[in-house]
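J.: here you go, sequence then predicted model.
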Amino acid sequence: MTNASPPPPSVSGTFQGKIGTTYEESTPWWHEQQTPPEGTPNVVVIVLDDVGFSDLGCFGSDIDTPAMDALATGGLRYANFHTTTLCSPTRASLLTGRNHHSVGMRMLSNFDTGFPSGRGQITKAAAILPEVLRDNGFNTMAVGKWHLAPMEQTTASGPYTQWPLSRGFERYYGFLEAETDSFYPELFYDNHAVDPPKSPEEGYHLSEDIVDRAIEFVTDQTSVTPDKPFFMYMAFGAAHAPHQAPQEYLEKYRGRFDHGWDAERATRHARQIERGILPEGTELAPHNPGVLPWDELPDDEKKLSARLQEAYAAMVDHTDHHIGRFMEFLERIGRMENTITILLSDNGASQEGGQQGSLNPTAYQNGLPEDFEEMLARIDEIGTTRAHANYPWGWAQAGNTPFKRYKQNTHEGGVRCPLIVQWPRGLPRTGEIRQQFHHVSDIAPTLFELLGLEAPAVYNGIPQMPIHGVSMGYTFDSPTAPTRKDAQHFEMFGHRAIWHDGWKAVAYHERGTSFDADQWELYHHDTDFSECNDLAQARPEQLQKMISRFWVEAGKYDVLPLDDQGFALRAKIPRPGSPRKRTTFTYYPGMAHLPGAAVPPVMNRAHRITAFVDRATASDEGVLVSLGNISSGYVLYVKDNRLVYEYNFLGTRYTVTSEEELPTGPAELTFEFVKTGDMQGIGHLYVSGRPVGDEAIPRVLPHFFGWQGLDVGRDTLSPSSPSYDGEFAFTGKFEKVVFMVAPDEESEEPFERID
């Protein structure tokens, strides 16, 4: 080969073979594949949402949870396990092995506080479990709730840097928000929005869908690469409100809670002591403020409250059934024996249903009361597609038996949660209870130890912060070994606590008051499991020691500054780069469903919505733009040759209809809201600039329309209006829809005419 060119240089500096002029003169080389050792177990992490300490059968409840109880029988229950008391922070701590403030998740991923501890996303200086496991030869999959991405970044335009597929998961199917309708969920498959695979009338429910997809993912993986272990992160919407379940599950619990929350708490408390979950002598905490004795409730309140608890129990039971279905699948394909399964709740039972319960979470989010008589009239809708139910404080307190307070608080009712660990091949002892103090940040280091891995010191070129948690592996065969946890702080919305050496100091904070005015309580947890005997007065030196320790931990783990601002105030401050920062928004038919955190901020602001259409005939009709669901929202549509705007104020609908039929051909169909005062105004309709109708809208929501977002040209998911069926897609030609929104709530003037 006298005319051959000289050998080219190596394409990559990492190539360790030899490149000659021909293949006969060359030596091939391949990168060594990262392969876990033979026998490496699979990992399944199951996260329940807002399920209280006592709400599983194996933790004292009489709600039917045979699948989770079976996991406990074949594994270990942890009765002294703690979370962060809120969903996004617990998930961040679970997946990183660090404290949640340190990784940037002070509270929900919906908000960026402007401080390092509250960015609403996990810092890249804390690699998460799927990133580490994927790089060590695992297939990684996630189904269900994410809620770890900045919510304004969950649109079809991203950025996707904090979505599951950008944080180590190879497959994802679920929802990105804090909550969703289980019959009409906002679903995402990998990096794009998708519609549910079938309707509620066809039997759809989110919990079943999540498990169907998990089975599909594992089937694909084990069929093609059976030698590779998998990591499955399964985060249910259950049992976060809205509490919804198939009708047969709702019927199953009819009358099961007519005895009330006091009797329920007493029964669960007795069971917990009898089964060794609680030490002998553990007291039942007194009623939380605002919870009345059941016997003092009027009969109608008892009736409504019991029905709300039935829906919650039905949802837990239904979820358990599908967890059982997944476990049966693992058994059937021979993967159960060498799978580490970890099941936990992300925080204690929720106080977000209020004193009397709720059928509309948007009311809670906006700080508005619900009408009890209206709720009572809708009692048969509870748990169905037609209501977004949440139970009252009394039942949440029962869920947190035997503790005080709830989710969002740092007393044990908020932070003490059920935890089950099962590993048939690897646990030397099963069916037992462990009482060592542990925290959700301890799960990642436990898995690292069991899998023979170490958290990387540098990941993708970024130096990593140290792991804050400690492994729980020592507890597997040492039931009475002292905990290896030294101290653990807690903080949420200004509520604070510190645990150290069997003692806990805790302060409940009243929002808007001085942090200096908070009263610290002191409990010796080793002898006072349920925080009933406050020793603050009797042991002032110990209390001061604990408070001082809290401030040390707060400084070490980026807890500061303390911040008690609520959801509503934060929602008014879009983060930098948010699509909500504009005042003009143009959307085109065919765009993906737009999540609620990124929609035009029309709440309590003057605004105008104009759809540019061309109707060939008078029969062309359908939805132009819709936002919301059965609980709240608005919709602009054409029906019966009239332009209609409906505003759903917590179930009360205000409607503006054109006084005359619409012309065919090109037209600009406009709705304009002009404010006449705070949270009220007049709705005007125009056809190509000509007024065709107006009506007073006496009440509008101040902050939120709820979690369900916006659609153009159709009404997907939970219907915005009962005036039409299904999606009611617009049948005419549709160019675009333009929103013009006032810059603030004080601006009451209408906008200039749209050209």
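T.: Perfect, thanks for sending it. These numbers were taken from a predicted model, which means no experiment stands behind them. Numbers count the residues shown, from 1 in each chain.
J.: specify the beta-bridge partners of residue 623.
T.: residue 637, residue 729 (DSSP bridges).
J.: for stretch 184-193, buried residues please.
T.: 184-188, 193 (16 or more other C-beta atoms under 10 Å). For every residue, glycine as well, the C-beta is placed using N, CA and C.
J.: what about it, start to end distance?
T.: 13 Å (C-alpha to C-alpha, to the nearest Å).
J.: contacts for that stretch next, please.
T.: Outside stretch 184-193, the residues within contact range by C-beta atoms under 8 Å, 6 or more residues apart in numbering are 154, 156, 158, 160, 163, 165, 171-177, 180, 194-196, 200, 206, 209, 237, 385, 592-593, 595, 629, 707-709, 716-718.
J.: helices - which of those land there?
T.: 206, 209 (DSSP state H).
J.: buried subset of the contacts of stretch 184-193?
T.: For the contacts of stretch 184-193, buried by 16+ other C-beta under 10 Å: 154, 160, 163, 171-177, 180, 196, 200, 206, 209, 237, 385, 593, 595, 629, 707-709, 716-718.
J.: what lies in contact with stretch 539-546?
T.: 498, 500, 503-505, 520, 522, 535-536.
J.: ok, now with 10 Å
T.: Here stretch 539-546 makes contact (C-beta atoms under 10 Å, 6 or more residues apart in numbering) with 487, 497-501, 503-506, 520-524, 534-537.
J.: equivalent analysis for stretch 687-697, please.
T.: 610, 634, 642-645, 647, 649, 654-663, 665-676, 679-686, 753-754.
J.: quick one: the helices in the stretch 451-600 of the chain, in order.
T.: 540-556, 567-571 (DSSP state H, counting those that start in this stretch).
J.: once you drop chain neighbours, what's closest to the residue nearest to the spatial centre of the chain?
T.: Nearest to the mean C-alpha position of the chain, by C-alpha atoms, centre = their mean, lies residue 178 at 3.1 Å. The shortest distance from residue 178 to any non-neighbouring residue, by C-beta to C-beta, 6 or more residues apart in numbering, is to residue 147 (5.4 Å).
J.: in this structure, where's the longest helix?
T.: helix 299-332.
J.: and stretch 162-170, how far apart are its ends?
T.: Stretch 162-170: ends 13 Å apart by C-alpha to C-alpha.
J.: re earlier: mind checking pLDDT for the residue nearest to residue 178?
T.: Per-residue pLDDT puts residue 147 at 97.
J.: closest to residue 434 among the buried residues of stretch 184-193?
T.: residue 185 (35.1 Å; C-beta to C-beta).
J.: looks to me like the closest one is in a strand.
T.: No. Counting by DSSP: H, G, I helix; E, B strand; the rest coil, residue 185 falls outside a strand, being coil.
J.: rewinding a little: the residue nearest to residue 178 contacts residue 94, correct?
T.: No. Look at residue 147 against residue 94 with C-beta atoms under 10 Å: they stay out of range, at 11.9 Å.
J.: mutual contacts of the two, please.
T.: Common neighbours of residue 147 and residue 94 (C-beta under 10 Å, 6+ apart) are 235, 346.
J.: with that, I have no additional questions.
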